[in-house]
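Engineer: Structure of the sequence below:
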Amino acid sequence: MTLLVAPVALAACGQGNGAATYVQATQGATGDGVEQNSANGLLGIRGAVVVAKDGNFSIVTTLVNNGMENDALVAVGVGTGATSVHIDIPAGRTVSVGQIGAPEHIFGTGLMSKPSAFVPVTFVFAKGGDITAKLLVRSPDGYWAGIRVKK
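Structural biologist: Here you go, the predicted model:
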């Protein structure tokens, strides 16, 4: 009987819905929702993906500021291009970007990557340095249907 229980426990199925499988998302470019922190750990991106259609794109993420000082996202490099932005991130707060109803958006053009590809994206912060991650490209359908890909 012990042998039958071990595979279930080792597979994390006995730990509830999504228990061990969530760890993959925090390890980098392994699927939807890349999570990564800056070198000093004070700034972060959560749930980051690129939604794209016909070369136009939007970045969907949550920006995290775990620091004691306000910061701002000032640029985003996607592939070989860069987009200038200014999104304030208050100390100890999070800011939703690109989600339906979010006040902040990051739009760009010229992205030729197809859905299900990964594209390198660099988030440049005014004080906290850079975060570079490979983000999954999604098309604006299904779960992502309400995401705008241009202004």
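Engineer: average model confidence for the helix or strand hosting Leu135?
Structural biologist: Element membership of Leu135 [criterion: DSSP states H and E] is strand 129-138. In this model, strand 129-138 carries a mean pLDDT of 93.
Engineer: Stretch 75-84 now?
Structural biologist: Rounded mean pLDDT across stretch 75-84 is 84.
Engineer: Determine how far the strand holding Leu135 lies from the middle of the whole chain.
Structural biologist: Strand 129-138 has its C-alpha centroid displaced from the chain centroid by 7 Å (C-alpha atoms, centre = their mean, to the nearest Å).
Engineer: which residues of this protein fall in strands?
Structural biologist: If DSSP state E is used as the criterion, the strands of the chain fall at 34-37, 43-53, 56-65, 71-78, 81-89, 94-97, 107-108, 118-125, 129-138.
Engineer: elements contacting the longest one?
Structural biologist: So the one you mean is strand 43-53. With contacts defined as 3 or more C-beta pairs under 8 Å, 6 or more residues apart in numbering; DSSP states H and E, strand 43-53 has these neighbours: strand 34-37, strand 56-65, strand 118-125, strand 129-138. C-beta here means a position set from N, CA and C on the backbone, and glycine is covered the same way.
Engineer: which ones are touching the residue lying closest to Pro115 once chain neighbours are set aside?
Structural biologist: In this structure, Pro115 finds its nearest non-sequential neighbour in Ser139, 4.3 Å apart by C-beta to C-beta, 6 or more residues apart in numbering. Counting by C-beta atoms under 8 Å, 6 or more residues apart in numbering, Ser139 touches Val51, Ala52, Lys53, Pro115.
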